[in-house]
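**Q** from the sequence below, what's the structure:
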Amino acid sequence: VRSCKGPGNCVGCCLGASAPGSCSGTVGAGLAALALLLLGGRHLGAYMSQWHHARGGWGQGRAYSGRRSTKKRGGNHVPERWKDYLPVGQRMPGTRFIAFKVPLKKSFEKHLAPEERFSPLDLFNKLQKQNEELGLIIDLTYTHRYYKPEDLPETIPYLKIYTTGHQVPDDDTIFKFKCAVNEFLKENKDNDKLIGVHCTHGLNRTGYLICRSLAPHPKITTSNK
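**A** Numbering: from 1, shown residues only. Purely as a prediction, here's the structure:
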């Protein structure tokens with residue numbers, strides 16, 4: 001993973017931010033529709049900054065962007081409303097994106113019925129059933145308690161962008177997300193691998209940043225017209 005040197009190196013960077021569906025702003029209806037599309041029709045929930053690289057290269061390491069949370073949270077308690085949402089959505093038509101809620105490591109399983117469990121391994125099994133393959137995971141949660149990058153196959157590039165919940169992602173976060181997406185697309189022109197994006201529920205932060213990365217497309221805007 002390489003950081004972008006400036007807005008000129010990313011398509012459509014630094015557009016004016018609008019609020020997601022749980023906040024005031026003009027994108028509520030659009031994000032709600034996107035979230036419903038991404039996660040198969042479930043209801044929309046109410047709810048970085050240095051650029052650090054692990055071993056470099058899309059297929060060789062793990063990268064992190066943003067600020068670590070200093071709050072001590074939840075241990076192995078399942079995130080609030082996490083059970084209410086489907087684990088994995090469908091590929092967003094005409095894009096390389098697929099959204100999913102955060103997978104939970106094995107220590108969470110004692111709090112979940114077998115049919116409720118969704119681990120990193122389950123993620124890849126579900127994608128295999130859809131005949132889809134991930135080429136990058138972008139993790140937008142603001143904690144490491146749900147799973148570790150080491151729980152993922154080493155062949156899957158992983159990028160952590162610390163993104164605070166319950167508020168609009170700032171320009172720095174949007175810029176880093178767009179740079180990561182543009183770099184991936186540039187280096188994966190010859191395959192059909194997907195960018196998997198998740199926050200806690202795979203909705204608001206996920207939907208908003210996907211919308212912002214698609215905004216330069218002439219038929220996709222973040223305005224509710």
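
**Q** tell me the mean pLDDT over stretch 140-149?
**A** For stretch 140-149, the mean per-residue pLDDT is 97.

**Q** that stretch spans what distance, first to last residue?
**A** The first and last residues of stretch 140-149 sit 13 Å apart, counting by C-alpha to C-alpha, to the nearest Å.

**Q** buried ones in that stretch?
**A** By neighbour count on 16 or more other C-beta atoms under 10 Å, the buried set for stretch 140-149 is 140, 141, 142, 143, 145, 146, 147, 149. For every residue, glycine as well, the C-beta is placed using N, CA and C.

**Q** which of those sit farthest apart?
**A** Taking C-beta to C-beta as the measure, those span a maximum distance of 15.4 Å, between 142 and 149.

**Q** can you point out the buried residues in the lengthiest helix in the chain?
**A** Using DSSP state H, we find that the single longest helix of the chain is helix 171-187. For helix 171-187, burial by neighbour count (16+ other C-beta under 10 Å) applies to 173-185, 187.

**Q** same deal with stretch 149-156?
**A** Of the residues in stretch 149-156, 149, 151, 152, 156 count as buried by neighbour count, 16+ other C-beta under 10 Å.

**Q** contacting residues around that stretch?
**A** By C-beta atoms under 8 Å, 6 or more residues apart in numbering, the residues outside stretch 149-156 that reach it are 59, 62, 103, 105, 119-120, 124, 134-137, 158, 160.

**Q** any idea of the mean pLDDT for the helix or strand harbouring residue 211?
**A** Applying DSSP states H and E as the criterion places residue 211 in helix 204-214. Helix 204-214 shows a mean pLDDT of 97.

**Q** first-to-last residue distance for stretch 137-155?
**A** End-to-end distance for stretch 137-155, by C-alpha to C-alpha: 11 Å.

**Q** try stretch 102-113
**A** 17 Å.

**Q** lowest-scoring secondary structure element of the chain by mean pLDDT?
**A** The least trusted helix or strand in the chain, going by mean pLDDT, DSSP states H and E, turns out to be strand 51-53, with a mean of 32.

**Q** what are the buried residues along stretch 205-217?
**A** Burial within stretch 205-217, assessed by neighbour count using 16+ other C-beta under 10 Å, is assigned to 205, 206, 207, 208, 209, 210, 211, 212, 213, 214, 215.

**Q** between the residues you listed, which is nearest residue 99?
**A** Closest to residue 99 out of those is residue 206 (4.9 Å), distances taken as C-beta to C-beta.

**Q** gap between that closest one and residue 148?
**A** Distance check for residue 206 against residue 148: by C-beta to C-beta, to the nearest Å, it reads 20 Å.

**Q** over to residue 159?
**A** With the distance defined as C-beta to C-beta, residue 159 ends up 14 Å from residue 148.
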